[in-house]
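In: Following is a predicted model, sequence given first.
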Amino acid sequence: MPNLVTFALGCDLLREANRVMVIEESDVGKTTLSPQIVARFDLEYISMDRNG
């Protein structure tokens with residue numbers, strides 16, 4: 001898989017995915033973004049957030 005993908009290719013890859021891991025520094029929006037991804041692509045949401 002390439003390191004840089006277009007938005008359209010990213011969406012195609014997400015449609016085929018059975019899981020997605022969102023990793024980033026603290027307080028940048030993972031908790032906001034993740035539920036939106038799972039809702040859009042019908043994936044299961046599992047939070048591993050240490051803050052609750």
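Out: Perfect, thanks for sending it.
In: Show me what whichever helix in the chain runs longest is packed against.
Out: Longest helix of the chain, by residue count under DSSP state H: helix 30-41. Helix 30-41 is packed against helix 7-16, with contacts defined by 3 or more C-beta pairs under 8 Å, 6 or more residues apart in numbering; DSSP states H and E. Placement of C-beta: from N, CA and C, glycine included.
In: Low-confidence stretches in the chain?
Out: 1-2, 51-52 (pLDDT under 70).
In: could you redo the last one with a cut-off of 80?
Out: Low-confidence segments of the chain, defined by pLDDT under 80: 1-3, 49-52.
In: Mind listing what's buried along stretch 28-41?
Out: 34, 38 (16 or more other C-beta atoms under 10 Å).
In: neighbouring contacts of it?
Out: By C-beta atoms under 8 Å, 6 or more residues apart in numbering, the residues outside stretch 28-41 that reach it are 14, 15, 17, 20, 22, 23, 24, 43, 44, 45, 47, 49.
In: mind checking how far the third one is from residue 11?
Out: So that's residue 17. Residue 17 sits 11 Å away from residue 11, going by C-beta to C-beta, to the nearest Å.
In: The fifth one too?
Out: The gap separating residue 22 from residue 11 is 15 Å, by C-beta to C-beta.
In: now the longest helix of the chain, how far from the chain's geometric center?
Out: 6 Å (C-alpha atoms, centre = their mean, to the nearest Å).
In: quick one: it to helix 7-16, angle?
Out: Here the directions of helix 30-41 and helix 7-16 differ by 70 degrees (axes from the mean of the first three to the mean of the last three C-alpha atoms, to 10 degrees).
In: re the thing from before, what's the most distant pair in the contacts of stretch 28-41?
Out: Greatest spatial distance in the contacts of stretch 28-41: 15 and 49, 25.4 Å, computed using C-beta to C-beta.
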